[in-house]
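Colleague: Sequence below, structure please.
(one chain, ligands or ions: 1)
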Amino acid sequence: MIEMKPRLPRMAAAGSEVQEPAEIKKLAIIGAGKLGEGLLAGVLGSQLAPVSCVNATVAHQPRADYLAEKYGIQAGTGNRKAVSGATLVLICLKPQQVKGFLHEVKRELRKDALLISAAASVTTSLIERELSHPARVVRAMPNTPCLIRHGMTAIARGKHATDADVSLANRIFSSMGRTVTVDEKHMDTITGLSASGPAYVYTIIESLAEAGVKLGLPRELSTELSAQTLLGASALVLQTGEHPAKLKDAVTTPAGCTIDGLLELEEGGLRLTLIKAVVRAAQRARQLVDSQAT
Ligand SMILES: NC(=O)c1ccc[n+]([C@@H]2O[C@H](COP(=O)([O-])OP(=O)(O)OC[C@H]3O[C@@H](n4cnc5c(N)ncnc54)[C@H](OP(=O)(O)O)[C@@H]3O)[C@@H](O)[C@H]2O)c1
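Modeller: From the prediction side, this is the model:
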């Protein structure tokens, strides 16, 4: 029987007290694509900001019209207009677009605006350097399950960001799942682990499902069994706070069938392959801002 212990602890912000987040007076969401729309829905849904104070931008007008119609916010393609007067700017652009955006809006940006960037690979110091004032910047690295409020977001503070800024970022991303506050030096690793991670997990789900199909299960049933197994096992890790190896041992009866399966995984190098996948993705995360990747 597995003992239920407190949930896995969260890392606290280094040297920071939990502070009441500041009120959002005017919010600009720049690059309201998949993530930006998820954040928009989260912010409105958790009443962190009223509809009337939100302005979102995209590259194409039809997308802006869709956002304006669906959420009742102001939406358009003009970044300068959107940031003008904004007290909070959420940057959800592709990494290679961030410098150009900052250059474009530098003059309109309020000196006291908080910038929260979710762009992979873009450091807080890069953003600070592009602006000619000591800007308050927070960096966030979410993942795609945020879109269904089961996300994992890591949050790191820039040089001039306050505890209240970090609290506000946590409040915003909590509307999309779990959050942790970390030192920024860990962000590329986190990008390779929890931001790229869903892709590794989908591969595992698909592979387990293929096995079921190979052994005669209908594909739909096999995929459901596989996906729910990962979901349940993950929940057990988070809710018990147990080491995954201990939970694995609990499933592994001596001379039973699970040990045979585990030995196959060892022979196939699953562990080492996953470790190498995260290391490679983290290395790549360092280069994204200067690459042409889309
Ligand atoms: N998706 C995730 O779960 C996730 C997770 C972690 C990090 N991120 C980061 O979030 C960022 C966005 O990812 P995404 O998946 O949301 O991408 P996406 O769906 O392609 O969204 C990008 C948005 O930017 C808009 N855009 C392009 N050029 C613009 C400009 N000059 N001014 C204003 N808006 C512009 C696009 O408009 P149109 O729609 O009109 O083309 C699009 O809506 C990336 O930096 C990524 O690293 C995303």
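Colleague: Now do the contacts for Ala211.
Modeller: Ala211 makes contact with Ser222 under the criterion C-beta atoms under 8 Å, 6 or more residues apart in numbering. (C-beta placed from N, C-alpha, C; glycine too.)
Colleague: And for Leu262?
Modeller: Leu262 touches Lys248, Thr252, counting by C-beta under 8 Å, 6+ apart.
Colleague: Now the residue of the chain at minimum distance from the ligand. Nearest residue, chain neighbours left out?
Modeller: Closest residue of the chain to the ligand, C-beta to the nearest ligand atom: Gly33 (1.8 Å). Setting aside the residues directly before and after it, Gly33 is nearest to Cys92 in space (C-beta to C-beta, 6 or more residues apart in numbering), at 6.5 Å.
Colleague: what about that neighbour, neighbour count?
Modeller: 25 (other C-beta atoms under 10 Å).
Colleague: Torsion angles phi and psi at it?
Modeller: phi -120, psi 30 (degrees, to the nearest 10).
Colleague: next one: Lys111
Modeller: phi -70, psi -30.
Colleague: Report pLDDT for it.
Modeller: Here the pLDDT value assigned to Lys111 is 95.
Colleague: Contact partners for it?
Modeller: His133, Ala135.
Colleague: Residue numbering should commence at 242 henceforth.
Modeller: Will do, 242 is the new start, and the previous item becomes Lys352.
Colleague: Low-confidence ranges, the stretch 242-391 of the chain, go.
Modeller: Scanning the stretch 242-391 of the chain for pLDDT under 70 picks out 242-263.
Colleague: Near the ligand, which residues of it are found?
Modeller: Within the stretch 242-391 of the chain, the residues that sit near the ligand (C-beta under 6 Å from any ligand atom) are 271-277, 298-301, 304, 320, 333-336, 338, 359-361, 382-385, 387.
Colleague: Just the buried residues of those.
Modeller: 271-273, 276-277, 298-299, 304, 320, 333-334, 336, 338, 359-361, 382-385, 387 (16 or more other C-beta atoms under 10 Å).
Colleague: Just the ones in helices from those, please.
Modeller: Using DSSP state H, the subset of those located in helices is Leu276, Gly277, Arg304, Asn320.
Colleague: Using TSV, please lay out those together with distance to Gly509.
Modeller: Shown next, in TSV, are those (distance: C-beta to C-beta, whole Å):
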residue	distance to Gly509
Leu276	34
Gly277	39
Arg304	43
Asn320	48
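Colleague: The residue nearest to Gln315 when sequence neighbours are not counted is in what secondary structure piece?
Modeller: Nearest residue to Gln315, sequence neighbours excluded (C-beta to C-beta, 6+ apart): Asn296, at 4.5 Å. For Asn296, the element it lies in under DSSP states H and E is strand 295-298.
Colleague: Give the buried residues for stretch 329-348.
Modeller: Counting neighbours by 16+ other C-beta under 10 Å, stretch 329-348 gives 329-334, 336-340, 342-343, 345-346 as buried.
Colleague: Pop out the phi and psi values for Thr494.
Modeller: phi -70, psi 140.
Colleague: repeat for Gly392
Modeller: phi -80, psi 170.
Colleague: So what sits opposite it in the bridge?
Modeller: Beta-bridge partners for Gly392, by DSSP bridges, are Gly418.
Colleague: Test my guess that it contacts Val421.
Modeller: No - between Gly392 and Val421 there is no contact under C-beta atoms under 8 Å: 11.5 Å.
Colleague: Output the longest helix belonging to this protein.
Modeller: helix 460-481.
Colleague: In three-state terms, label Val454 for me.
Modeller: The three-state label given to Val454 by DSSP: H, G, I helix; E, B strand; the rest coil is helix.
Colleague: Equivalent analysis for Arg380, please.
Modeller: Arg380 falls in the strand class when you classify it by three-state DSSP.
Colleague: Repeat that for Thr420.
Modeller: Under three-state DSSP, Thr420 comes out as strand.
Colleague: Direction included, what does the strand holding Asn296 pair up with?
Modeller: By DSSP bridges, strand 295-298 pairs with strand 268-271 (parallel), strand 315-317 (parallel).
Colleague: List of residues touching the last one?
Modeller: I take that to be strand 315-317. Residues contacting strand 315-317 (C-beta under 8 Å, 6+ apart): Ala273, Val295, Asn296, Ala297, Thr298, Val299, Gln302, Ala305, Asp306, Leu308, Ala309, Ala323.
Colleague: hmm, which two among these are most spread apart?
Modeller: Val295 and Gln302 (17.8 Å; C-beta to C-beta).
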